[in-house]
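Colleague: I would like the atomic coordinates for the input below:
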Amino acid sequence: MTGMVGGVTETRALDEVINEALAIIDKGLGDLLHRELVSTNEVADLLLDVRTLLAAPNSGREADDGIVVAS
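Modeller: Next up, the predicted model:
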């Protein structure tokens, strides 16, 4: 039964990370919504912020896509 507690805690932590990533996406899209022209740098920054957040639980280990994320 103790293994189940760790799984629940890990799931909650993952849910928090996903919710935070969604908040960043929503904020970024809201900021860009009213503009006619958006630079590729701004889009890349938004995507990098989301990727960094989602890769954070890996703590520098290889992500599923084979890219090593620096801590």
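
Colleague: for the longest helix along the chain, name the packing helices and strands.
Modeller: Within the chain, and with DSSP state H defining each element, the longest helix by residue count is helix 2-33. The criterion is 3 or more C-beta pairs under 8 Å, 6 or more residues apart in numbering; DSSP states H and E, and the helices and strands that helix 2-33 contacts are helix 40-55. Just so you know, the C-beta spots here come from the backbone N, C-alpha and C atoms, and that holds for glycine as well.

Colleague: for the longest helix of the chain, what is the average pLDDT?
Modeller: Regarding helix 2-33, the rounded mean pLDDT is 81.

Colleague: distance between it and the chain's centre?
Modeller: Between the centre of helix 2-33 and the centre of its chain there are 8 Å (C-alpha atoms, centre = their mean, to the nearest Å).

Colleague: contact partners for residue 25?
Modeller: For residue 25, the contact set (C-beta atoms under 8 Å, 6 or more residues apart in numbering) comprises 46, 50.

Colleague: again, 10 Å this time
Modeller: Each residue near residue 25 by C-beta atoms under 10 Å, 6 or more residues apart in numbering is listed here: 46, 47, 49, 50, 53.

Colleague: quick one: the second one and residue 40, what's the gap?
Modeller: Residue 47 sits at a distance of 10 Å from residue 40 (criterion: C-beta to C-beta, to the nearest Å).

Colleague: more neighbours, these two?
Modeller: More crowded of residue 47 and residue 40, by other C-beta atoms under 10 Å: residue 47, with 12 against 7.

Colleague: distance check, that one against residue 29.
Modeller: In terms of C-beta to C-beta, residue 47 sits 12 Å off from residue 29.

Colleague: what of residue 53?
Modeller: In terms of C-beta to C-beta, residue 53 sits 15 Å off from residue 29.

Colleague: those two: who's more crowded?
Modeller: Remark: of residue 53 and residue 29, residue 53 carries more neighbours, 16 against 10, as counted by other C-beta under 10 Å.
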